[in-house]
Structure formats: C-alpha cells, structure tokens
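# this one's sequence-less:
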Ligand SMILES: CCC/C=C/C(=O)SCCNC(=O)CCNC(=O)[C@H](O)C(C)(C)COP(=O)([O-])OP(=O)([O-])OC[C@H]1O[C@@H](n2cnc3c(N)ncnc32)[C@H](O)[C@@H]1OP(=O)([O-])[O-]
Ligand SMILES: NC(=O)C1=CN([C@@H]2O[C@H](COP(=O)(O)OP(=O)(O)OC[C@H]3O[C@@H](n4cnc5c(N)ncnc54)[C@H](OP(=O)(O)O)[C@@H]3O)[C@@H](O)[C@H]2O)C=CC1
C-alpha cells in the first residue's frame, strides 16, 4: 500500500459533539489533524504563534467548520491556562492534541544550555502545563489527550538528545497520568510518527538524510500526515475508549531499528 492508497475509516459523524484543542494546527501534521477532526464533526480550537497559518487551516476546512484560531505561545503557561479555561467554559473539552513541538538537529556538545532549555520547554514543560490545565474539562467529558512523540523515542537517535529527552519525559508523564487520571475517565496516549515529509522537516534536515531514513523503513515509505490524523481521531473517538497509557508507533516499523539479520543478504 502506498500513501496514495490511504482511505479514512472513521464514520462521518464520529466526533460530532466533541470539542478538541489542537496545538500547532497551522501547519504540517497539526493542520492535517485539525482538518480531519473538523470533517468528523468536532469543534476545533487551533493553537499556534502565527495567526495567518492558523487562519488558513480554517479556510481550508470551509465556512461551515466549527473552527477557531487562537494565537498563543504554548510555552507561556499563564496564557495557555487562560486559553484552556476559555475554551473549556464555552464549549467543554473532549480532546487535547499536544502536537506543537520541534527541535533543531545538533550533537549534544553543540547544544547550549539555552538551546536545551528552549527544546525542553516546548516539548515537555509546555505539554505538562496545558495538559494539567485541561484536566477538569477532560474529567467532565471523560475525554482524551494525544501527545505527539517521535518514532525513535525509546531507542535514541543522533542529533536529538534534547528532543528525545523531552519526549521520553512526555512518554513517562503519559503513563503516569493514564494511571492517575484513569479513575476520572481521562485517557492519555502518545503517537510515534516516523518520518513525515512536512515542510518543517525539509527546513530542518538535509534531504539526503531524510531520503536515507525513508529508504530504511521496513514498510518502505514515509508516514503521511493524514495517517497520523486518522489515528488521532480514532484515539479521541469512542473507538479508542479502552486505550490509554500507550505509545502507538505509526512509522512502518522504523522503531524496530536496523534489523539483526543472521541470514545475510537473503534473510531480509
Ligand atoms: C524521525 C523524525 C524526526 C523529527 C522530525 C521533526 O520533528 S520535524 C520538525 C518540526 N519542526 C521544528 O523542528 C521546528 C524548528 N525548530 C524551531 O522552531 C526551534 O529550534 C525551537 C522551537 C525548537 C526553539 O526555538 P526558540 O525560538 O526557543 O529558540 P531560539 O532561536 O531563541 O534559540 C534558543 C537557543 O537554541 C540554540 N540553537 C538554535 N538552533 C541551533 C542549532 N541548529 N544548533 C545549536 N544550537 C541551536 C540557539 O543558539 C539558542 O541558544 P544560545 O545561542 O542563546 O545559547
Ligand atoms: N515531520 C516529522 O517527520 C515528524 C514530526 N513529529 C512531531 O510532530 C509535530 C508536528 O511536526 P510537523 O508538522 O512536521 O512540524 P511543524 O513545524 O509544521 O509543526 C509544528 C507546529 O507547532 C507550532 N508551534 C511551534 N512552537 C510553538 C509554540 N511555542 N507555541 C505554539 N505553537 C508552536 C508551529 O506553529 P507556529 O510556528 O505558528 O507557532 C507549528 O504549526 C512536532 O511535535 C514534531 O516534532 C514527530 C515525528 C516525525
């Protein structure tokens, strides 16, 4: 199956009555998630720092979509808490998708203390602050959190020590919150996309490196934003009602790493 063969599977109204916050909804994976949740009938609040790209997501969804763009830096804990309260009081909250994130690629010895802090603040501290702010609203709706992680989060990768440390923290937090909040009916999961060919990845990584990563994927191709979006919608929908505390890899087997091959060339 190629990415072009992908077909959405959830019923058209699977998320009617839902209210979901999606961070980083103005580009790449976050935009695909926002558009899919809207198409399934959810109300979506898209969060990011740039108004233009967030508003473009709304235009792409069409005039009938229940979409609001909210400009906010997720690293500003007070602003994020106020935003969550505003949305929660007005519409309730059945889902939170912590997708905003990213890093620069550098060896550990080239990461300054400020560089480390910047990446950990975005990919871990901000996720904790917004998730904690959402808890009362998610408890009221028995809602779900989806945290965007990275396929190599459990096995390491070169040039990503800061980001992987932060995402490993999010994974641990995901499991802890799944336990702490399970009794309140709140589910918390992580997704591990493999290489997703978004413009942001092209900006940050060298094209030959990306091509090599994709060539090494056991299923032979990159992950599409639409595939990540469908899985996110599944986890928020009642179909995911018994799934919590998990890291779900959506990477064509990339997290398995370079195979140990005891049979030589013919063994693969
Ligand atoms: C398998 C798939 C893999 C994953 C794919 C993806 O995630 S796709 C991609 C998804 N999208 C993205 O990844 C988005 C792209 N990334 C970003 O937008 C930003 O890197 C950021 C948001 C992570 C930090 O933003 P910010 O505004 O908070 O940061 P700032 O500019 O104020 O700098 C703070 C410190 O960092 C330092 N520093 C910066 N670059 C480098 C470098 N190359 N080298 C070393 N250091 C670097 C900088 O020098 C400064 O330290 P100093 O000098 O004061 O000691
Ligand atoms: N592309 C890939 O191969 C993979 C990506 N991922 C992860 O998926 C997520 C999305 O990646 P992708 O779509 O490729 O990248 P993008 O850079 O396109 O998406 C990141 C989004 O987060 C928003 N964002 C960044 N910083 C902040 C902030 N401080 N406050 C609010 N919003 C912020 C950005 O909007 P704005 O700039 O307007 O704030 C942007 O819309 C990231 O967490 C990424 O690490 C995981 C696996 C693979």
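On my side now, so go ahead. Worth saying up front: this structure is predicted, and the values here are computed from it rather than measured. Numbering: from 1, shown residues only. Ligands and ions are numbered 1, 2, ... in the order given.
# how about the strands in the stretch 51-200 of the chain?
Using DSSP state E, counting those that start in this stretch, the strands found in the stretch 51-200 of the chain span residues 67-71, 95-98, 144-148, 187-193.
# what lines up beside the shortest one in the sheet?
Take DSSP bridges as the rule and strand 95-98 pairs in its sheet with strand 19-23 (parallel), strand 144-148 (parallel).
# Find the nearest non-adjacent residue to residue 194, please.
The shortest distance from residue 194 to any non-neighbouring residue, by CB to CB, 6 or more residues apart in numbering, is to residue 251 (2.8 Å). Every residue, glycine included, has its C-beta placed from N, CA and C.
# In contact with residue 17, which residues are there?
If you count contacts by CB atoms under 8 Å, 6 or more residues apart in numbering, residue 17 has them with 41, 94.
# Pretty sure it sits in a strand.
No. Going by DSSP: H, G, I helix; E, B strand; the rest coil, the assignment for residue 17 is coil, not a strand.
# and residue 35, what helix or strand is that in?
If you go by DSSP states H and E, residue 35 is part of helix 28-39.
# any idea of the angle that helix forms with strand 19-23?
Using axes from the mean of the first three to the mean of the last three CA atoms, to 10 degrees, the inter-axis angle of helix 28-39 relative to strand 19-23 is 170 degrees.
# picking up where we left off before, go through the strands of the stretch 51-200 of the chain and pick out the most buried.
The highest mean neighbour count among the strands of the stretch 51-200 of the chain, using mean count of other CB atoms under 10 Å, belongs to strand 95-98: a mean of 28.
# Could you check that one against ligand 1 for contacts?
No. On the criterion CB under 6 Å from any ligand atom, strand 95-98 is out of touch with ligand 1, staying 13.5 Å away.
# residues in contact with the residue of the stretch 101-250 of the chain found nearest ligand 1?
Ranked by CB to the nearest ligand atom, the top residue of the stretch 101-250 of the chain for proximity to ligand 1 is residue 102, at 2.4 Å. Residues in contact with residue 102 (CB under 8 Å, 6+ apart) are 122, 123, 163, 200, 204.
# re earlier: what is the rounded mean pLDDT of the helix holding residue 35?
Averaged over helix 28-39, pLDDT sits at 98.
# helices and strands around the helix or strand following it, which ones?
Downstream of helix 28-39, the first helix or strand assigned by DSSP H and E is strand 43-48. The helices and strands touching strand 43-48, judged by 3 or more CB pairs under 8 Å, 6 or more residues apart in numbering; DSSP states H and E, are strand 19-23, helix 28-39, helix 51-61, strand 67-71, helix 77-91.
# and the third one with ligand 1, contact?
No. No part of helix 51-61 sits close enough to ligand 1 to count as contact by CB under 6 Å from any ligand atom; the gap is at least 12.9 Å.
# Count the residues that sit near the residue nearest to residue 194.
Residue 251: 24 surrounding residues under other CB atoms under 10 Å.
# Go ahead and confirm it touches residue 149.
No. Assessed by CB atoms under 8 Å, residue 251 is found out of contact with residue 149, at 10.6 Å.
# okay, and the common contacts of the two?
Residues within reach of residue 251 and of residue 149 at once, by CB under 8 Å, 6+ apart, are residue 192.
# winner for burial among the helices and strands packed on strand 43-48?
Stretch with highest mean neighbour count among these: strand 19-23 (a mean of 28; mean count of other CB under 10 Å).
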